[in-house]
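Asker: how does the following fold in three dimensions:
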Amino acid sequence: MGNLPTEIIQHILSYTPRRQVLSCLYINRQWSCAARTLFYHWIDVYTPAQMDVFQLCLSYSNSHGSTIGDLVRHLRFHTYDILIPQDEFDQLAIMTPNMLTCDFSVPVTDDHLNIFSKHWKHLTLLPRWHMDETDLWVPT
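Answerer: Numbering: from 1, shown residues only. The predicted structure is shown next:
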C-alpha cells in the first residue's frame with residue numbers, strides 16, 4: 001500500500017468516519033499527509049472548550065512553522081456559548097487564510113464584516129443569518 005498515490009488515499013479516507021481518519025495520521029508520512037488534509041478541512045466546534053483547543057492547536061502549529069491553519073476550509077460553530085473577542089477573531093482569521101465558509105449563529109457588527117472580507121479572501125459563505133447582497137461583503 002505504500003505505493004498508492006496520495007490522491008487515492010485521500011479518496012479512500014473521504015469515505016472513512018472522522019474518528020478513524022484521526023488514527024490514519026499515525027500510519028506513515030504519506031497517510032499522515034492525506035489524513036491531515038481531510039481532518040482539518042472541516043472543523044465543527046460544539047463547546048467553548050473545543051474552541052480553546054482549536055485556537056491552541058492553530059497557535060502551536062503556527063509557532064512551529066506548520067501549515068495546519070492553511071488546511072482549514074470550513075468552520076462551523078454549533079452553540080451560542082462560544083464568544084470570541086475581536087482580537088481573538090482577528091487572530092483566527094489570520095491563522096486560517098483559506099477559509100471558504102464560516103457559519104455561526106451569533107450576530108456580528110459591521111466591523112466584523114470588514115474582518116471577514118479583509119482576512120478571508122476566499123470566503124464564499126458567511127453565517128446563515130447574513131442576508132445582505134454578496135456585493136456588500138465579497139472581496140473585490
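Asker: any idea how far residue 94 is from residue 87?
Answerer: 11 Å (Cβ to Cβ, to the nearest Å). Just so you know, the C-beta spots here come from the backbone N, C-alpha and C atoms, and that holds for glycine as well.
Asker: of these two, which one has the most company?
Answerer: Neighbour count, other Cβ atoms under 10 Å: between residue 87 and residue 94, residue 94 has more, with 15 against 8.
Asker: buried residues in the helix or strand encompassing the more buried one?
Answerer: Under the criterion of DSSP states H and E, residue 94 resides in helix 86-95. Neighbour counts using 16 or more other Cβ atoms under 10 Å place 89, 91, 92, 93, 95 of helix 86-95 among the buried residues.
Asker: residue 60 versus the fourth one, what's the distance?
Answerer: Read that as residue 93. Distance, residue 93 to residue 60, by Cβ to Cβ: 18 Å.
Asker: and the third one, by the same measure?
Answerer: According to Cβ to Cβ, residue 92 and residue 60 sit 14 Å apart.
Asker: in this protein, where is pLDDT below threshold?
Answerer: In the predicted model of the chain, residues 1-2, 80, 104-119, 121-140 satisfy pLDDT under 70.
Asker: give me the nearest residue to the residue most central in space within it, chain neighbours excluded.
Answerer: If you average the C-alpha coordinates of the chain and look for the closest C-alpha using Cα atoms, centre = their mean, you land on residue 72, 3.1 Å from that point. Distances taken as Cβ to Cβ, 6 or more residues apart in numbering put residue 96 closest to residue 72, at 4.5 Å, once the chain neighbours are dropped.
Asker: before we move on, what about residue 39?
Answerer: Take residue 39 and drop its neighbours on the chain: the residue closest to it by Cβ to Cβ, 6+ apart is residue 21, 5.3 Å away.
Asker: which strands and helices sit next to the strand or helix carrying that neighbour?
Answerer: Using DSSP H and E, residue 21 maps to helix 18-24. When contacts are defined as 3 or more Cβ pairs under 8 Å, 6 or more residues apart in numbering; DSSP states H and E, helix 18-24 sits against helix 29-41.
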